[in-house]
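**Q** sequence and predicted structure, then a few things I'm wondering about:
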Amino acid sequence: MSKKSIKDIDLKSKRVLIRADFNVPIDKETGEVSDDTRIRAALPTINHIIDSGGRVILTSHLGRPKGEPDPKYSLRPVAKVLEDLLGRNVAFVEDCVGEGARRVIEAMQDGDVVLLENVRFHAEETKNDRGFAKELASLADIHVNDAFGTAHRAHASNVGVAEFLPSVAGFLMEKEIKMLGKAVHDPEHPYVVILGGAKVSDKIGVITNLLEKADKILIGGAMMFTFLKALGKPIGDSLAEDDKIELSKEIMAEAEKKSVELVLPVDTIIAKEIASGVEKKTVSVDEGIPQGWKGLDIGPETLKLFVSKLEGARTVVWNGPMGVFEIDDFAVGTKKIAQAIAALKDSTTIIGGGDSVAAINKFNLADRVSHVSTGGGASLEMLEGKELPGIASLISEEAGKKNDD
């Protein structure tokens, strides 16, 4: 069901409480924001409200403070970045509720921007406390959820407030719902899913759900070794989840039953340790990995195989790197897969959160894919087919139409 978005409502002179995702890295030395990607991602929503004559009240969390104020998790550095990006004054309030916040908000004019302090400085936030949600909601006329990264959590600032205020999607949330929703519910075929990362256990839900939808599932990253071990291949000292071997066999059998092509690597790059500049070799999966060695990337023949499986794809979802891409010696597989996805024409290409996003950014290819998801856990849960609390709490378009009549 599609959700009402910020463009569907009148914002003139309205106090708009935006739940943004400003959970950004802060440089320990300088105390300044070291990567402003998430702040930039919120700008279209903020600017739309300003241009529509609304009053912008921003909320977010940063890090995991223990339910009480902690200066190292303050959003104050974010206010400075916002001022530079917006080219206007951003008033910073040292709490997200209470008399101080209320006074500043009551004095706001149309087009003003206020950033409230970290909502997780209150333990009630993560408990989705009704009283705290009501107090937050009392500061505004409308709630806009633009924090897809926390959509899988039922907290006060993204879900609880929706009981007391009309809640709609911001532009970032709207795009996430549209792109990931299409991949889950209405993908164009051929549909190819590429899964990597360390653990099968992290991706079980995704694999199970997408076995119903995908035409091909390509498996790389360390999770491939659990599957290879299930097939009786020697994997040396490679990372594998012994308690997931039976499950891997079941997944392979299920894929065959559903005529989904589950493609495993045919060769791998191995080394004795995870470090730069060490001796490395390429071995085929059939000859196996010797003891004392571990697989750290997919090999050149696997790359050729995977790239050939991407040809003609109309929908591609990629979640998880192909190897230890943080070290250049073992980044080739991840880089070449990223380049192959970026080179696809007439395809919807979705990078599904987490380390794959770090990889696509590292290789400067983010602007050459259809969508780079801003959520790690939220992306995975959506690909698992789950309903996310932060999306369920938004007004649906159908309900909105009834209310407008």
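**A** Structure's in. What do you need? Residues are numbered from 1 along each chain as shown.

**Q** how about the strands in the stretch 201-350 of the chain?
**A** 216-219, 261-263, 267-271, 280-284, 294-298, 315-319, 348-351 (DSSP state E, counting those that start in this stretch).

**Q** which of those sits closest to residue 18?
**A** Comparing these against residue 18 with Cβ to Cβ, the closest turns out to be strand 348-351 (24.4 Å). In short, each C-beta sits where N, CA and C put it, glycine included.

**Q** tell me the strands beside that closest one, with direction?
**A** With DSSP bridges as the test, strand 348-351 is paired with strand 315-319 (parallel), strand 371-372 (parallel).

**Q** now that strand: mean pLDDT?
**A** When pLDDT is averaged over strand 348-351, the result is 95.

**Q** with stretch 364-374 instead?
**A** Stretch 364-374 comes out at a mean pLDDT of 92.

**Q** stretch 105-112 too?
**A** For stretch 105-112, mean pLDDT is 98.

**Q** next one: stretch 169-183
**A** 94.

**Q** is the residue lying closest to residue 171 once chain neighbours are set aside in a helix, a strand, or coil?
**A** Spatial nearest neighbour of residue 171, chain neighbours left out: residue 44 (4.5 Å); criterion: Cβ to Cβ, 6 or more residues apart in numbering. Counting by DSSP: H, G, I helix; E, B strand; the rest coil, the backbone at residue 44 sits in helix.

**Q** and residue 44, how far from residue 23?
**A** Per Cβ to Cβ, to the nearest Å, residue 44 is found 19 Å from residue 23.

**Q** repeat that for residue 14.
**A** 26 Å.

**Q** nearest residue to residue 174 other than its sequence neighbours?
**A** In space, residue 174 is closest to residue 5, 4.5 Å off (Cβ to Cβ, 6+ apart).

**Q** and among the strands paired with strand 348-351, the most buried is which?
**A** Among the strands paired with strand 348-351, strand 315-319 has the highest mean neighbour count (mean count of other Cβ atoms under 10 Å), at a mean of 27.

**Q** ok, and what's touching that strand?
**A** Identification of contacts with strand 315-319 by Cβ atoms under 8 Å, 6 or more residues apart in numbering yields 182-183, 187-197, 203, 206, 210, 310, 337-338, 341, 344, 347-354, 356, 379-380, 383.

**Q** pull out the buried residues from these.
**A** Neighbour counting with 16 or more other Cβ atoms under 10 Å marks 182-183, 187, 190-197, 203, 206, 210, 310, 337-338, 341, 344, 347-354, 356, 379-380, 383 as buried within the contacts of strand 315-319.

**Q** so which of the residues you listed are in helices?
**A** 182-183, 203, 206, 210, 310, 337-338, 341, 356, 379-380, 383 (DSSP state H).

**Q** kindly reformat these as TSV containing distance to residue 243.
**A** Formatted as TSV, those follow (distance: Cβ to Cβ, whole Å):
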residue	distance to residue 243
182	34
183	29
203	15
206	18
210	22
310	32
337	28
338	31
341	32
356	25
379	25
380	20
383	23
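
**Q** between those, which is closest to residue 10?
**A** residue 182 (28.7 Å).

**Q** list the contacts for that closest one?
**A** Per Cβ under 8 Å, 6+ apart, neighbours of residue 182: 315, 348.

**Q** ok, now how distant is it from residue 314?
**A** Counting by Cβ to Cβ, the gap from residue 182 to residue 314 is 11 Å.

**Q** anything in contact with each of those two?
**A** residue 348.

**Q** before we move on, the earlier item: please identify which of residue 44 and residue 23 sits among more neighbours.
**A** residue 23 (19 against 16; other Cβ atoms under 10 Å).

**Q** how about that one: what's its closest non-neighbour residue?
**A** In space, residue 23 is closest to residue 62, 5.3 Å off (Cβ to Cβ, 6+ apart).

**Q** repeat for residue 172
**A** Counting by Cβ to Cβ, 6+ apart, residue 172 lies nearest to residue 146, which is 4.9 Å off, once chain neighbours are set aside.

**Q** burial of that neighbour, as a residue count?
**A** Applying other Cβ under 10 Å, I find that residue 146 has 27 neighbouring residues.

**Q** quick one: it from residue 348, how far?
**A** Taking Cβ to Cβ, one finds residue 146 at 22 Å from residue 348.

**Q** got it, and residue 288?
**A** 38 Å.

**Q** residue 118 and residue 61 touch, don't they?
**A** Yes - with contact defined as Cβ atoms under 8 Å, residue 118 counts as touching residue 61 (5.8 Å).

**Q** residues touching residue 238, list them.
**A** Residue 238 neighbours (Cβ under 8 Å, 6+ apart): 222, 225, 289, 294, 295.

**Q** ok, the residue nearest to the last one when sequence neighbours are not counted - contacts?
**A** Leaving aside its chain neighbours, residue 295 sits nearest to residue 268 (3.9 Å; criterion: Cβ to Cβ, 6+ apart). Neighbouring residues of residue 268 by Cβ under 8 Å, 6+ apart: 224, 282, 283, 285, 289, 295, 296, 297, 298, 299, 302.

**Q** how much space between residue 268 and residue 137?
**A** As for residue 268, its distance to residue 137 is 53 Å (criterion: Cβ to Cβ).

**Q** shaky segments in this protein?
**A** Within the chain, the ranges that satisfy pLDDT under 70 run 1, 353, 398-405.

**Q** how many other residues sit next to the closest residue to residue 258 other than its chain neighbours?
**A** Leaving aside its sequence neighbours, residue 258 sits nearest to residue 211 (Cβ to Cβ, 6+ apart; 5.6 Å). Around residue 211 there are 17 other residues, counting by other Cβ under 10 Å.
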